[in-house]
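Asks: Have a look; sequence and predicted model below, questions after that.
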Amino acid sequence: MIKKVHHIGIAVNNLKESAAIFERLLGIKAHIEGAPCQRVTEAIFQVGEGVEIDLLEPTGPESTVAKFLEKRGEGLHHIALEVDDIDADLKEMEGKGVRLIDKEGREGVAGKIAFLHPKSASGVLIELVQPRGEEK
Ligand code: CMX
């Protein structure tokens, strides 16, 4: 069901500044991509064997990441886990009592995505990702 950690999302105030910090730290270049469906711009770093570190800058005050930054400041925003059948996995998790933010996978940058509520995961927002090409 869960195949690997797909990416780690970090909320930042200034994408350009934080991307430069992480480029120095990791020794690799960021790929910058807009994710209007999530109201963020992302700096994506492919680290090691396919795990990404994604820096997230909100595109406006209505973004959930803007609310997060205001309340909690910069830092770990979510951990994304790769799955191969997102809708079946969501159903199974709901059956186990996990509080879902999305009952079904929806279109995201990396494929079909859905979020689990941080109250169900010791205060950490979890995203499930079913990459494109793995639709059931
Ligand atoms: N990690 C951990 N806790 C979080 C959180 C996060 N990312 N975001 C919010 N919370 C906590 C808040 O601190 C708050 O906790 P307390 O009740 O203890 O104060 C609680 O969750 C409720 O937060 P809120 O500010 O009132 O926000 P909402 O209830 O309106 O929304 C959430 C919270 C998680 C449901 C909403 O942010 C959401 O739907 N997130 C999923 C989508 C998303 O974050 N997309 C961003 C981009 C992702 C990407 O590009 O991959």
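Replies: Received the coordinates, thanks.

Asks: which element follows the helix ranked longest in the chain toward the C-terminus?
Replies: Secondary structure of the chain per DSSP state H: the longest helix is helix 15-26. The helix or strand immediately downstream of helix 15-26 is strand 31-35, counting by DSSP states H and E.

Asks: Show residues contacting that following strand.
Replies: Leu15, Ala19, Val40, Thr41, Glu42, Ala43, Ile44, Phe45, Gln46, Thr59, Gly108, Val109 (Cβ atoms under 8 Å, 6 or more residues apart in numbering). Quick note: C-beta positions are derived from backbone N, CA and C, even for glycine.

Asks: Likewise for stretch 121-136?
Replies: With Cβ under 8 Å, 6+ apart as the test, stretch 121-136 has contacts from 6-7, 9, 76-90, 98, 105, 108, 110-118, 120.

Asks: which one of the contacts of strand 31-35 has the most neighbours?
Replies: Val40 (26 neighbours; other Cβ atoms under 10 Å).

Asks: For that residue, give the beta-bridge partners.
Replies: Counting by DSSP bridges, Val40 is bridged to Ala35, Pro58.

Asks: what distance separates stretch 39-49 from the centre of its chain?
Replies: Relative to the centre of its chain, stretch 39-49 is centred 9 Å away, using Cα atoms, centre = their mean, to the nearest Å.
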